[in-house]
Structures are given as C-alpha cells and as structure tokens.
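**Q** I'll drop the sequence and a predicted model, then ask my questions.
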Amino acid sequence: MKTDFGLMLVTDRRLAGGRSITEIVEAAVAGGVTIVQLREKEATTREFVDVGRRVAEILRPRRIPLIINDRVDVALAVVADGVHLGAADMSPADARRILGPKAIIGFSVENEGQAVAAEREGGRLDVDYLGVSPVFATPTKPDAGGGGGAAWGIEGLWRLRPIVRLPLVAIGGINLENAARVMEAGADGLAVVSAICAAEDPAEAARALRAIVNKARARKGGGLRL
C-alpha cells in the first residue's frame, strides 16, 4: 500500500486545550488527515505506549498509518507503522534493521547538507520521506536549529526540491494562510501541529488543509511522489 504523506497530524497535548489526544486524532481523521505522528516529549515511556495503543486502535480500522516520534522502542511496543527520527536519534539504518523493510521511516533535515546526505547514504532503503524542519519559525519545535540552521522558508523549499528525490513533508508554522505556498514550493505533504491541535474545530481545520493539499496535487498532475 502506498503511503499518502499529504496531510500529517503531529500531536501535541499542550495545545489540545484540555481535550485528549484520542479526541484530537478522531476529529482530525474525520477531516481528512492521511497519517498521524504521535509526539510525546514529556510523557513517560509507559504513558507513551499507552496513548500510542489507544491511537492505533483508532487508526488501524481506517488504514491510516501511525508513526512514533523519536522512539523506536515505543514504535515496537505499539506495533506502529513506523517512526520519525531526528539527527540526535537512532540512525535510520539502525531503525530499519529493527523495524523491518515495511516500516515507514521519516528523517528531519534542517539544511540542504543533511537532506543530500540522508538521500545519498540511506536513500529509499532506509528513509521513506524527509521532514523539512522548520519551514517557518514556531514555538512547537523549540529544538529546531540544533542540527544547523534557521527556518527553511519558502525559498529554501524551492532550492531543496530539485536536489532530492525523496518525498518532502514540510513542518513548522504551517497553517491555512501559507499551506498553498508551501505545496507550490515543492512539498509533497504538510505536517501540522497547532493548526489542528489548537483549532476550535480540529475536523474542520483538517478538512480545509486537506482541500489545499488536494488542489495543489491537481495542479501538479495528481499522484503521490514515491
């Protein structure tokens, strides 16, 4: 089954306004999210696994992939579909050996050098998509820049697109006002945090973002970049 990276929800319980992660996920899926990345920076391992299993129960019947942020061990325990890694996490090659050939593995890149190296060293065998992070400055990614750089901006996306073949999922400050420009600059998908998690109506927010993704794909000629 091809993975649709069009609209990724990245969870953040701090932005949920007292709502549970499962409530946010349910609403986002109803609105058209195509993949969910569970991010739990402050939870204990046991709490992370518990919420991961509950989210997986929501997503599996709908055939929507669940990937775990940073933690390969949690991905294994939850029987998630994959993991998203950063430069300080386990290497994609090691994660691939542990999780197997069918796992979805994403890797965050903060500059062109990281992106080119990720494609050259691992390519499609170890990495399934690159998380371009952050496109715009955002408080939801306070550790961004530790791997070497400021926000990519629209211009950075334009420069990156021709030099890598892997799917690009843009994250960081993406919302209804700038999503179309991000897609036009070469992103294959949008990863959003506050635009859905903090929305008064997460389902409607996801629906509006999905419409932008679909419109951009129609202009590009439809299909997924795989």
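**A** Noted; the coordinates are in hand. Numbering: from 1, shown residues only.

**Q** tell me where the longest strand sits in this structure.
**A** In the chain, assigned by DSSP state E, the strand with the most residues is strand 104-109.

**Q** just checking: what are the partner strands of it?
**A** strand 82-85 (parallel), strand 129-132 (parallel) (DSSP bridges).

**Q** for the helix or strand just after it, packing partners?
**A** Per DSSP states H and E, the first helix or strand lying C-terminal to strand 104-109 is helix 112-121. Contacts defined by 3 or more Cβ pairs under 8 Å, 6 or more residues apart in numbering; DSSP states H and E place helix 112-121 against strand 104-109, strand 129-132, helix 153-160. The C-beta positions use only the backbone N, C-alpha and C, and glycine is treated the same way.

**Q** now do the longest one: which elements does it pack against?
**A** So that's helix 153-160. For helix 153-160, the elements it packs on are helix 112-121, strand 129-132, strand 168-171, helix 179-184, judged by 3+ Cβ pairs under 8 Å, 6+ apart.

**Q** mind checking how far it is from the chain centre?
**A** 18 Å (Cα atoms, centre = their mean, to the nearest Å).

**Q** list the buried residues of it.
**A** Ile154, Gly156, Leu157, Leu160 (16 or more other Cβ atoms under 10 Å).

**Q** the first one is in contact with Val182, isn't it?
**A** Yes: under the criterion of Cβ atoms under 8 Å, Ile154 makes contact with Val182 at 7.0 Å.

**Q** I'd assumed Thr11 was in contact with Ile21.
**A** Yes: between Ile21 and Thr11 there is a contact under Cβ under 8 Å: 5.3 Å.

**Q** list the residues that contact both of those two?
**A** Both Ile21 and Thr11 are contacted by Leu38, Val55, under the criterion Cβ atoms under 8 Å, 6 or more residues apart in numbering.

**Q** name the single longest helix found in the protein.
**A** Using DSSP state H to define each element, the chain has its longest helix at helix 202-220.

**Q** so, low pLDDT: which residues of the chain?
**A** Applying pLDDT under 70 to the chain flags the ranges 1, 122-124, 140-149, 222-226.

**Q** if anything else comes up later, I'll come back, but that's it for now.
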